[in-house]
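*Asks:* Could you work out the structure for the sequence below:
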Amino acid sequence: VPCIDLMGGRAVQLVRGRRLASSVDDVFGLLDRFRRYRWLHVIDLDAALGRGSNHALVRDLCACARTRVRAGGGVRSIRRARSLVAAGAEQIIVGSRAYSGGGVNRHFLQALRAAIGRRRVVVAIDLSRGRVAVRGWRTRLPLTPEEVIPELEPYCAGFLCTDVDNEGTMRGARLPLFRALRRLTRLPIIAAGGIRSRLDVRALARSGMDAAIGMALYREDHAVIR
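*Replies:* Residues are numbered from 1 along each chain as shown. Just a heads-up that it's a prediction; the model follows:
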């Protein structure tokens, strides 16, 4: 699953969500490049960090894409989720808003499920040192995936699980971590963070998981997945 992560109107790649490693100005050109894939992730990093928005650009990408789109980043209201669905996003990724008061935000998730349907909701489980991270991965909650996944299952169609500590490093997927997550649920899991090669993708597929890939698709000096 290719990822288009947006910051300041450009597609960017960050290391561990902080250091800028690369950027692409021709965002819409990426739609053609990634058209052969079954899914595409479009993520508004500015909105996720609470320091701006690329909402109009996200909507336009959803409307123009010739593949199925999951859209996320700063989805903190029912109105925004509906707007993205109306623009053509097949699924909405919800991160920080899925958690509240040190636990699962059942009130919001119930309202979101009622508004757009459970099959359209994917919950992000971003893990930093074994704990759920929110607000652009800047804040760690005292929550483990073992605690939250059973509570989240009734509200979503699957999970986007990101290894924050490995994100953007291209060190290779930490397969034991993702396999442990796979054992926690029967719902689909999309794995992200550190993925560098077809070998990673195949290993995740054998464990029943898709792979969301950023850096390895953008780095021209790397023997990347083509």
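*Asks:* Beta-bridge partners for Val24, please?
*Replies:* When assigned by DSSP bridges, Val24 has beta-bridge partners Ala11.
*Asks:* That one: neighbour count?
*Replies:* Counted with other C-beta atoms under 10 Å, the neighbours of Val24 add up to 14. C-betas here are computed from N, CA, C, even on glycine.
*Asks:* distance of it from Val12?
*Replies:* 8 Å (C-beta to C-beta, to the nearest Å).
*Asks:* Strands along the chain, start to end?
*Replies:* 3-7, 10-15, 19-24, 39-44, 68-72, 91-94, 99-100, 103-104, 121-128, 131-134, 139-140, 158-163, 189-192, 210-212 (DSSP state E).
*Asks:* Least confident secondary structure element in the chain?
*Replies:* When each helix and strand of the chain is scored by mean pLDDT, DSSP states H and E, strand 19-24 comes last, with a mean of 86.
*Asks:* Quick check: buried residues in it?
*Replies:* Buried residues in strand 19-24, counted by 16 or more other C-beta atoms under 10 Å: 22-23.
*Asks:* Could you state which residue of this structure sits nearest its centroid?
*Replies:* Central residue of the chain (C-alpha atoms, centre = their mean): Leu160, 5.4 Å from the mean position.
*Asks:* didn't it look like it was pressed against Val121?
*Replies:* No: proximity of Leu160 to Val121 does not meet the contact threshold set by C-beta atoms under 8 Å, at 11.0 Å.
*Asks:* Okay, Gly117 and Gly214: tell me how far apart.
*Replies:* 28 Å.
*Asks:* what sits against Ala191?
*Replies:* 161, 163, 173, 178, 181, 204, 209-212 (C-beta atoms under 8 Å, 6 or more residues apart in numbering).
*Asks:* Which members of the residues you listed are the farthest-apart pair?
*Replies:* Across the contacts of Ala191, the longest distance by C-beta to C-beta is 14.5 Å; it joins Asp163 and Asp210.
*Asks:* Report how many residues lie close to Arg68.
*Replies:* 14.
*Asks:* Would you check that Val122 makes contact with Val94?
*Replies:* Yes: assessed by C-beta under 8 Å, Val122 is found in contact with Val94 at 7.2 Å.
*Asks:* what touches both of the two?
*Replies:* By C-beta under 8 Å, 6+ apart, the residues touching both Val122 and Val94 are 72, 156.
*Asks:* Please name the residues that touch Pro2.
*Replies:* 30, 33-34, 37, 40-41, 213-214, 217.
*Asks:* quick one: the closest residue to it other than its chain neighbours from His41, how far?
*Replies:* Nearest residue to Pro2, sequence neighbours excluded (C-beta to C-beta, 6 or more residues apart in numbering): Phe34, at 4.3 Å. From Phe34 over to His41 the distance is 10 Å, taken as C-beta to C-beta.
*Asks:* Pull the contacting residues for Val121.
*Replies:* With C-beta under 8 Å, 6+ apart, Val121 has these contacts: 91-92, 94, 109, 112-113, 155-157.
*Asks:* So of the residues you listed, which two are at opposite extremes in space?
*Replies:* Top of the distance list for the contacts of Val121 (C-beta to C-beta): Gln91 and Leu109, 14.4 Å.
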